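*Asks:* What follows is a predicted protein model with its sequence.
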Amino acid sequence: MTERASFLDLYEDAPCGFMSVCVDGKIVRINHTLTEWLGQSTGSLIGSTFHDLLSVGGRIAYETHIRPLLRMQGHADELSLDLLNSEGERVPFLANATERRGEDGQHISTRFALFKARDRRMYEKSLLAAREVAETESRRARETALLREQFIAVLGHDLRNPLTAIISGTNLIKRRVDLPEREASILDNISKSAWRAEHLIRDVLDFARGKLGEGLVLQRAKNAKLADGLTQVVDEVRTAHPEQEIVTNFTIEGPVNCDGDRIGQLLSNLLSNAVNHGDSARKIIVSANTTAEEFVLHVENFGDPIPEALQQNLFQPFFRGNASDQKKGLGLGLFIVSEIAKAHGGSIAVISDSRVTRFTLCMPR
């Protein structure tokens, strides 16, 4: 094979398409590779115009962007072009183009080297789709953040404040020793309902903070009066449920590094669970003690044991053991207990059998 024949073979069957277009836009040379990709013959393309191979959008892009760029700098690289095949379908290409100019700088022809870009286009489309998904998720995240702020504001202010007024008002009225029995009973029911609503709001508020990205907020400090705080929580539950006997045994020596309000909330939720599910005719026992390394809190009640199959899901949000529990809460109380324990680097465990149901908090002090 002569050198010229070898060159022509390389030109015709190169792994890319070659095409030369004269000044008036007519195709004067095109290689076999490109005609194969377009499903047309060399004879049908030679003499036709380059514009005939372009889609309407491609013609606009060529005249307004590509052609002026070629005239200005003499070449253009990595152009995205769609050429039409024999069926009128678009075939995506990536093209490099150069102007062939005479010694006087006069434009003689334009040469194109074209590479199939179907896979590249698909990749670009997938990137664009991924970008759209990311932008959509980002927008939704912003909307969720706004919703979170509004939701927490409603719970923390618009609902909690009037409820606090109801609780304070009922406590003041209860101090009257001459309150008739019927009115006292009604007031007691109001107090219990308000107390329960307060706990529901607090649990939902914490759940919203945790699940919507804010998380439980702790204000830890060396708490030397933790026993006093726990006693206050027990007294509040006694006030709301005067029919329930609650006994305490606190042996807390020295300060405990914790958020006292959160530990009180944990105890309040455990007591609420014991009141709702335990035998009201039998006492609830609350005990707490410290070791050199740990703070331990127990809440015990008596009554029907928790089935073993249910125990593994007790600390999941919105979990309620049976249909009758639907009137006793949202199923968030024990979930919040677990979250508070974790936030303190501790754990919560449960033991339930025919003798006793005991929840135990263990955390570093």
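*Replies:* Sure thing, it's come through. As the structure is a prediction and not an experimental result, all values here were calculated from the model.
*Asks:* Please make it C-alpha for all contacts and neighbour counts, starting now.
*Replies:* Noted.
*Asks:* which residues sit in contact with residue 19?
*Replies:* Shown in contact with residue 19 (CA atoms under 8 Å, 6 or more residues apart in numbering): 27-31, 111-113.
*Asks:* 6 Å instead, please
*Replies:* Residues in contact with residue 19 (CA atoms under 6 Å, 6 or more residues apart in numbering) are 29-30, 111-112.
*Asks:* From the residues you listed, keep the buried residues only.
*Replies:* Buried residues within those, counting neighbours by 16 or more other CA atoms under 10 Å: 30, 111-112.
*Asks:* Please narrow the residues you listed to those residing in strands.
*Replies:* 30, 111-112 (DSSP state E).
*Asks:* Which single one of these is nearest to residue 81?
*Replies:* residue 112 (11.0 Å; CA to CA).
*Asks:* Quickly find the element holding the closest residue in space to residue 45 that isn't next to it in sequence.
*Replies:* Nearest residue to residue 45, sequence neighbours excluded (CA to CA, 6 or more residues apart in numbering): residue 27, at 6.9 Å. Assigned by DSSP states H and E, residue 27 belongs to strand 27-30.
*Asks:* Direction included, what does that strand pair against?
*Replies:* Note on strand 27-30: by DSSP bridges, its sheet partners are strand 17-22 (antiparallel).
*Asks:* just for the stretch 1-150 of the chain, where's the confidence low?
*Replies:* Applying pLDDT under 70 to the stretch 1-150 of the chain picks out residues 1, 148-149.
*Asks:* those helices in it, which residues are they?
*Replies:* 3-12, 32-38, 42-45, 56-61, 67-73, 118-153 (DSSP state H, counting those that start in this stretch).
*Asks:* The residue nearest to residue 45 and residue 52: what is the separation?
*Replies:* 10 Å (CA to CA, to the nearest Å).
*Asks:* Settle it for me: which of those two has more neighbours?
*Replies:* The residue with more neighbours, out of residue 27 and residue 52, is residue 27; 21 against 14, by other CA atoms under 10 Å.
*Asks:* what sits opposite that one in the beta ladder?
*Replies:* Beta-bridge pairing of residue 27 under DSSP bridges involves residue 21.
*Asks:* my read: it touches residue 47, true?
*Replies:* Yes - between residue 27 and residue 47 there is a contact under CA atoms under 6 Å: 5.3 Å.
*Asks:* Just name the most buried of the helices of the stretch 1-150 of the chain.
*Replies:* With neighbours taken as mean count of other CA atoms under 10 Å, these reach their highest mean count in helix 32-38, at a mean of 19.
*Asks:* And that helix, what does it pack against?
*Replies:* Contacts defined by 3 or more CA pairs under 6 Å, 6 or more residues apart in numbering; DSSP states H and E place helix 32-38 against no helix or strand at all.
*Asks:* any idea which helix or strand carries residue 247?
*Replies:* Using DSSP H and E, residue 247 sits within strand 246-251.
*Asks:* Pull out the buried residues from that strand.
*Replies:* Taking 16+ other CA under 10 Å as the neighbour-count basis, strand 246-251 is seen to contain the buried residues 246, 250.
*Asks:* Okay, now the sheet partners of that strand, with direction.
*Replies:* The strands beside strand 246-251 in its sheet (DSSP bridges) come out as strand 284-290 (parallel).
*Asks:* Tell me how far the strand it pairs with lies from the chain's centre.
*Replies:* 38 Å (CA atoms, centre = their mean, to the nearest Å).
*Asks:* Can you dump the C-alpha atoms of that strand in CSV for me?
*Replies:* Written as CSV, here are the backbone C-alpha positions of strand 284-290 (Å, rounded to 0.1, in the frame of the first residue of the first chain):
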residue,chain,number,x,y,z
ILE,A,284,-45.0,3.3,92.2
ILE,A,285,-41.5,3.3,93.5
VAL,A,286,-38.9,5.8,92.4
SER,A,287,-35.3,5.4,93.5
ALA,A,288,-32.0,7.0,92.5
ASN,A,289,-28.5,6.6,93.6
THR,A,290,-24.9,7.3,92.6
